[in-house]
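**Q** all I have is the shape, not the residue letters:
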């Protein structure tokens with residue numbers, strides 16, 4: 001009898017061992033909780049800062065350029081002397097040079113007319129933006145228009161105001177260029193031995209780059225100095241055309257990884273109408289378009305940011321308040337539908353969901369899951385309906 005009982009026990013142990021040996025093992029997975037939060041659909045790209053208005057000062061006439069005492073970064077004022085041009089060995093005046101200088105005066109006059117026209121147009125646009133802002137403010141106070149519309153119109157007004165200031169600066173610069181071109185023509189027409197001609201700064205700001213540092217014989221129109229105001233920066237971002245169609249003026253922008261302790265805020269000022277071809281790091285041709293962003297954070301928070309700095313930009317193209325959010329890593333396709341694995345009592349169960357919005361890292365779900373439920377991240381191929389799971 002004892003031998004029979006012992007044999008049964010041994011058989012039972014063998015069966016248990018075989019069951020444990022051949023039974024499906026739990027699948028090792030990562031999980032995340034479904035939460036209710038504010039959802040932002042963003043376009044993430046790298047950008048470069050740049051001075052909004054750059055001025056390239058060129059030699060207004062041919063002659064010997066003296067070595068410049070200024071350096072990149074020096075502050076300059078409108079009307080300040082940047083360089084001195086003296087006569088070369090041959091006289092400054094000859095018929096060809098005189099014709100070139102007369103043509104330069106004509107071009108400067110045309111540029112001034114264009115700058116003044118753009119200045120007047122910018123003032124009209126600012127007046128319109130001011131009227132729109134006032135009208136939206138009244139509608140918001142009566143709860144007829146959303147607060148987001150007021151924020152957008154306020155940004156458009158501030159942007160129009162900056163455009164007026166920039167256009168006024170360009171008009172002043174064009175005036176200085178015209179005066180200098182006329183002075184060059186007069187100087188060339190009245191050449192005297194030992195005379196010198198000063199190259200004058202058309203605007204106030206800082207020297208961004210000195211193109212020609214050493215003394216040399218400069219030809220007419222040779223670039224000498226780049227000027228600009230480093231405190232008036234914008235960000236240029238090249239975006240895929242498939243993403244750019246969702247970008248609109250006034251949309252919020254977050255500037256990250258620029259070197260400061262906190263993120264900066266900005267807004268889209270312009271989406272340029274023409275695209276260009278760019279070769280990606282993988283050698284693929286991409287069609288991209290420039291998106292210009294204004295920094296709206298206070299200037300004192302980004303004083304260390306300069307011209308040509310790399311930044312990371314998040315353009316917020318859509319927002320949802322209190323959305324049910326699932327990590328994108330939990331999604332997988334079955335046919336034409338999106339699905340996730342829901343964890344329930346230690347097992348994974350397939351759940352079909354409907355997505356309202358999809359961003360780079362998160363998905364806003366319209367229906368199919370509830371906040372508080374647990375989903376499997378990056379489901380492995382071994383995971384099937386009802387599979388036992390084990391958390392990493």
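**A** Nice, thanks for sending it over. Since this is a predicted model, take the numbers as computed values, not measurements.

**Q** so residue 64 makes contact with residue 86?
**A** Yes - assessed by Cβ atoms under 8 Å, residue 64 is found in contact with residue 86 at 5.0 Å. (Glycine included, C-beta is placed from N, CA and C.)

**Q** can you map out the strands along the stretch 251-392 of the chain?
**A** If DSSP state E, counting those that start in this stretch is used as the criterion, the strands of the stretch 251-392 of the chain fall at 252-256, 264-279, 285-295, 310-327, 332-334, 337-344, 347-358, 362-367, 374-377, 389-391.

**Q** to clarify, my last question referred to the stretch 101-250 of the chain.
**A** Under DSSP E, counting those that start in this stretch, the stretch 101-250 of the chain gives strands at 197-200, 205-210, 216-218, 223-228, 233-240.

**Q** quick check: which of those strands is nearest to residue 164?
**A** The minimum distance between residue 164 and the strands of the stretch 101-250 of the chain falls on strand 233-240, with 15.7 Å, by Cβ to Cβ.

**Q** ok so, going back, relative to residue 133, which of the strands of the stretch 101-250 of the chain is closest?
**A** Comparing those by Cβ to Cβ, strand 233-240 comes nearest, at 21.6 Å.

**Q** mind listing what's buried in the closest one?
**A** The neighbour-count check on strand 233-240 (16 or more other Cβ atoms under 10 Å) flags 233, 234, 235, 237, 238, 239, 240 as buried.

**Q** adding pLDDT and distance to residue 166, write these out as CSV.
**A** Shown next, in CSV, are the buried residues of strand 233-240 (pLDDT from 0 to 100; distance: Cβ to Cβ, whole Å):
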residue, pLDDT, distance to residue 166
233, 92, 12
234, 93, 10
235, 95, 16
237, 95, 20
238, 94, 22
239, 94, 23
240, 93, 28
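
**Q** including distance to residue 383, could these go into CSV?
**A** CSV is the format used below for those (distance: Cβ to Cβ, whole Å):
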residue, distance to residue 383
233, 49
234, 48
235, 43
237, 39
238, 39
239, 36
240, 33
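
**Q** with respect to residue 387, which of those residues is nearest?
**A** residue 240 (37.9 Å).

**Q** picking up where we left off before, make CSV out of the strands of the stretch 251-392 of the chain and add distance to residue 121 and mean pLDDT.
**A** Below are these laid out as CSV (distance: least, Cβ to Cβ, whole Å; pLDDT from 0 to 100):
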stretch, distance to residue 121, mean pLDDT
strand 252-256, 26, 93
strand 264-279, 15, 92
strand 285-295, 18, 94
strand 310-327, 27, 90
strand 332-334, 51, 89
strand 337-344, 49, 91
strand 347-358, 38, 89
strand 362-367, 41, 90
strand 374-377, 53, 91
strand 389-391, 63, 79
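
**Q** grab the most central residue of this structure for me.
**A** Central residue of the chain (Cα atoms, centre = their mean): residue 237, 3.8 Å from the mean position.

**Q** in the sheet, who's paired with that residue?
**A** Note on residue 237: beta-bridge partners residue 47, residue 291, judged by DSSP bridges.

**Q** mind checking how far it is from residue 314?
**A** 10 Å (Cβ to Cβ, to the nearest Å).

**Q** repeat for residue 321
**A** In terms of Cβ to Cβ, residue 321 sits 18 Å off from residue 314.

**Q** these two: which has the busier surroundings?
**A** Shown here are residue 321 and residue 314; by other Cβ atoms under 10 Å, residue 314 has more neighbours (19 against 8).

**Q** ok, the more buried one touching residue 256?
**A** Yes - contact status for residue 314 versus residue 256: in contact at 6.5 Å, counting by Cβ under 8 Å.

**Q** contact partners of stretch 176-185?
**A** With contacts defined as Cβ atoms under 8 Å, 6 or more residues apart in numbering, stretch 176-185 is touched by 60-61, 78-79, 98, 101-102, 104-105, 107-109, 111-112, 197, 199-203.

**Q** just the ones in helices from those, please.
**A** 98, 101, 102, 104, 105, 107, 108, 109, 111, 112 (DSSP state H).

**Q** surely the fourth one and residue 62 touch.
**A** Same thing as residue 104. No - Residue 104 is beyond contact range of residue 62, at 11.6 Å (criterion: Cβ under 8 Å).

**Q** out of the strands of the stretch 101-250 of the chain, nearest to residue 145?
**A** Closest among these, using Cβ to Cβ: strand 233-240, at 28.5 Å.

**Q** next SSE downstream of the helix or strand of the chain with the lowest mean pLDDT?
**A** Among the helical and strand segments of the chain, the one scoring lowest on mean pLDDT, DSSP states H and E is helix 2-22, with a mean of 64. The C-terminal neighbour of helix 2-22 among helices and strands, as given by DSSP states H and E, is strand 27-33.

**Q** which neighbouring elements make contact with that following strand?
**A** strand 374-377, strand 389-391 (3 or more Cβ pairs under 8 Å, 6 or more residues apart in numbering; DSSP states H and E).

**Q** list the contacts of the last one.
**A** Okay, so that is strand 389-391. Residues from elsewhere that reach strand 389-391 (Cβ under 8 Å, 6+ apart): 26, 27, 28, 29, 30, 31, 343, 346, 347, 348, 376, 383.

**Q** cool, thanks, signing off.
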